[in-house]
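K.L.:
turn this into a model:
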Amino acid sequence: MSTPVSVSATTNVTAEALLQDARARRATFPDDRFHGFTAALTLDDDAHTYSGYLTLKNIRQMQIELPGVSDETLQWLQGVLAMNIAHRLERTGGMPVPTDHPVRIATGEENALGVKLVFDGDPLESSYRIRDGVITEVCRRMHGARFTITTLEVVTTDDGRNLPKHYVVIYFDPETERLASVAQYTEIYERVGEMYLPSYIRVIETNHAKTTVRALTLRDLTLLSD
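P.N.:
Modelled structure (predicted):
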């Protein structure tokens, strides 16, 4: 792919150009060719290990056969898989983001994570940071919480696009603004045909009470044809 759009490379770059460039660099699922996938699934939930099978057609249609796992853990697992896929659907530019609000560069607020973009009038109060063609930070209010997603490392696919490898999600109490919990993600992908499917997702979640470590391993990944 071409050189990432950079604020330092030109003085008249627009927020729209930065955002469009960063979205284009994400590895996404083509809408007309992604119909889901199947996989053998292993879940390591702290000291417990469960093995089973996954059939995922879309973020709302997935069947998980994982004998012995609790309903709470199963719901958590469905949420993690749905979030992973939703952030890479092509029709949303690789991320479920506001598209009908004007975006601008917040002058004087650049830091080591890059330039800050703000969506004016967005009820979710969304803002991004972009550096070297990568969306390094997303801030938003949603589902009764305020959170910040910080991308620590990406990997590059064969066609030069980006996939997140390490990122952190920090949740704040919307009323007190105090830190509520932190979730650290590690993701590994496997190329299947023209697409990159998740083969490993580890989540380390910490709140005021405890730390929980869960890891999903997906094997025998097979794309569904329809």
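K.L.:
tell me the pLDDT at Val115?
P.N.:
The model reports Val115 with a pLDDT of 95.
K.L.:
list the contacts for it?
P.N.:
By Cβ atoms under 8 Å, 6 or more residues apart in numbering, the contact list for Val115 reads Val7, Leu18, Ile105, Ala106, Glu109, Arg129, Ile130, Arg131. Where you see a C-beta, it was placed from the backbone N, CA and C, and this is true even at glycine.
K.L.:
tell me what the helix or strand encompassing the second one is packed against?
P.N.:
Think Leu18. Using DSSP states H and E, Leu18 sits within helix 15-24. The helices and strands touching helix 15-24, judged by 3 or more Cβ pairs under 8 Å, 6 or more residues apart in numbering; DSSP states H and E, are strand 103-105, strand 115-119, strand 127-131, strand 134-142.
K.L.:
let's see that with 7 Å instead.
P.N.:
For helix 15-24, the packing partners by 3 or more Cβ pairs under 7 Å, 6 or more residues apart in numbering; DSSP states H and E come out as strand 103-105, strand 115-119.
K.L.:
quick check: Gln78 is in a helix.
P.N.:
Yes. Assessed by DSSP: H, G, I helix; E, B strand; the rest coil, Gln78 belongs to a helix.
K.L.:
mind listing what the residue lying closest to it once chain neighbours are set aside touches?
P.N.:
Distances taken as Cβ to Cβ, 6 or more residues apart in numbering place Met62 nearest to Gln78, at 6.2 Å, with adjacent residues excluded. Residues near Met62 by Cβ atoms under 7 Å, 6 or more residues apart in numbering: Leu54, Thr55, Leu56, Gln78, Leu81.
K.L.:
got these as JSON lines, with neighbour count and pLDDT columns?
P.N.:
Shown next, in JSON lines, are the contacts of Met62 (neighbours: other Cβ atoms under 10 Å; pLDDT from 0 to 100):
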{"residue": "Leu54", "neighbour count": "21", "pLDDT": "97"}
{"residue": "Thr55", "neighbour count": "15", "pLDDT": "97"}
{"residue": "Leu56", "neighbour count": "24", "pLDDT": "96"}
{"residue": "Gln78", "neighbour count": "17", "pLDDT": "95"}
{"residue": "Leu81", "neighbour count": "20", "pLDDT": "96"}
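K.L.:
got the residue ranges for the strands in this structure?
P.N.:
Along the chain, the segments classed as strands by DSSP state E run 37-45, 48-58, 61-65, 103-105, 115-119, 127-131, 134-142, 145-156, 162-172, 179-192, 195-207, 211-223.
K.L.:
which one of those is the most hemmed in?
P.N.:
For the strands of the chain, the largest average neighbour count (mean count of other Cβ atoms under 10 Å) is found in strand 127-131, namely a mean of 22.
K.L.:
helices and strands around that strand, which ones?
P.N.:
Against strand 127-131 (3+ Cβ pairs under 7 Å, 6+ apart) you get strand 115-119, strand 134-142.
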